[in-house]
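Chemist: For reference, the sequence and a predicted model appear below.
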Amino acid sequence: MAENHRKYSLTVLRHGESEWNHDNRFCGWVDVGLTNNGLAQAQKAVEALVEEDIGFDIIYTSVLKRAKETAEIIRDGLEKAGLVSNLEIVEDWRLNERHYGSLTGHNKAEMAEKYGKDQVKIWRRSYDTRPPPISESHPFYDKIHNNSALTVVPKDQFPDHECLKDLQERAIPYFEDIIVPQIKSGQRVLIVVHGTTSRALVKHLEDVSDEDIEEINVPNAIPFTYELDEKLDPLGDKTYHADKETVRKAIEKAASIGKKRK
């Protein structure tokens, strides 16, 4: 590959295992933290980046703590390794996970048992089908709306439920308006976000069809990098910073409907 075509790069990382990833629950805008395993996964991501001598000039993340905690672990680890210094973390709600509506807090396998696996897969992975909206009587409605981290969300843009298309309509303009200029200025950018936000970025960058995106899953805590041309089109496939078997197993886990509560 000619060096003059290797213009830019972008690295994306889905946060480490959250408390509700562990419990196999739809999370969305509920602000849960990382598990001990999630913390260890984030640290392992740091080790992979350090081993490959990969540093960054800026990190973008959401306002939800599971993404912010992961971003902070990456920053601290890279600074400790001497790869970066005073690395800025920029938070924005438009990079939040999608809002899972009335599914929020429910176990995925139990919802599949109640509504059928096909319906739950549509809610989880389709491009433009929203789950039912969250109601004010929902047990997590107040927890979401009273979260001080979400006061930055304009009231007329605060969702009750979202599909991937909805998330793209808030996240991709932010990516194009705020993040792309940083990439084009030569900055090394890391985006630490969520499963659906990561899928939105993959769909956008790889021009994945609305139908094919249903089969795209992003693993927790394994960074992947795109080499991009001057139009920010990928130069080949994204590179995962982990061995193939680890990536395969993590993607299978992300795709799985999981287990019911014990």
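Modeler: Now that the structure is in, tell me what you want to look at.
Chemist: Where does pLDDT dip in the stretch 151-262 of the chain?
Modeler: The model of the stretch 151-262 of the chain has pLDDT under 70 over residues 262.
Chemist: Helices of that one, residue ranges please.
Modeler: Taking DSSP state H, counting those that start in this stretch, the helices of the stretch 151-262 of the chain run over residues 164-174, 180-184, 195-206, 244-255.
Chemist: Could I get the ones you listed in TSV, plus columns for distance to Asp233?
Modeler: For glycine as for every other residue, the C-beta is placed from the backbone atoms N, C-alpha and C. Shown next, in TSV, are those (distance: least, C-beta to C-beta, whole Å):
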stretch	distance to Asp233
helix 164-174	15
helix 180-184	12
helix 195-206	8
helix 244-255	23
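Chemist: from those helices, which stretch is densest packed?
Modeler: Neighbour counts averaged per stretch over the helices of the stretch 151-262 of the chain are highest for helix 195-206, at a mean of 22; criterion: mean count of other C-beta atoms under 10 Å.
Chemist: now that helix, how far from the chain's geometric center?
Modeler: 8 Å (C-alpha atoms, centre = their mean, to the nearest Å).
Chemist: quick one: contacts of it?
Modeler: 10, 12, 14, 62, 95-98, 164, 167-168, 171-172, 175, 191, 193, 208, 213, 216-218, 220, 226, 228, 232-234, 238, 254 (C-beta atoms under 8 Å, 6 or more residues apart in numbering).
Chemist: same deal with stretch 103-120?
Modeler: Taking C-beta under 8 Å, 6+ apart as the rule, stretch 103-120 contacts 20, 23-30, 123-124, 131-132, 134, 138-140, 144, 257-261.
Chemist: Pro132 contacts His99, doesn't it?
Modeler: No - applying C-beta atoms under 8 Å as the test, Pro132 and His99 come out as separate, 11.5 Å apart.
Chemist: Mind listing the shared neighbours of the two?
Modeler: Joint contacts of Pro132 and His99 (C-beta under 8 Å, 6+ apart) are His161.
Chemist: Compare the two (neighbour count), which wins?
Modeler: His99 (25 against 12; other C-beta atoms under 10 Å).
Chemist: That one and His138: what is the separation?
Modeler: Here His99 is placed at a distance of 12 Å from His138 (C-beta to C-beta, to the nearest Å).
Chemist: Val12 belongs to a strand?
Modeler: Yes - the assignment for Val12 (DSSP: H, G, I helix; E, B strand; the rest coil) places it in a strand.
Chemist: Got the phi and psi for Thr129?
Modeler: Backbone geometry at Thr129, expressed as degrees, to the nearest 10, gives phi -110, psi 110.
Chemist: tally of neighbours for it?
Modeler: 13.
Chemist: hang on, isn't it packed against Gly101?
Modeler: No - using C-beta under 8 Å, Thr129 is not in contact with Gly101, being 11.1 Å away.
Chemist: can you pull out the strands in this structure?
Modeler: Along the chain, counting by DSSP state E, strands occupy 8-14, 58-61, 88-91, 189-193, 224-228, 239-240.
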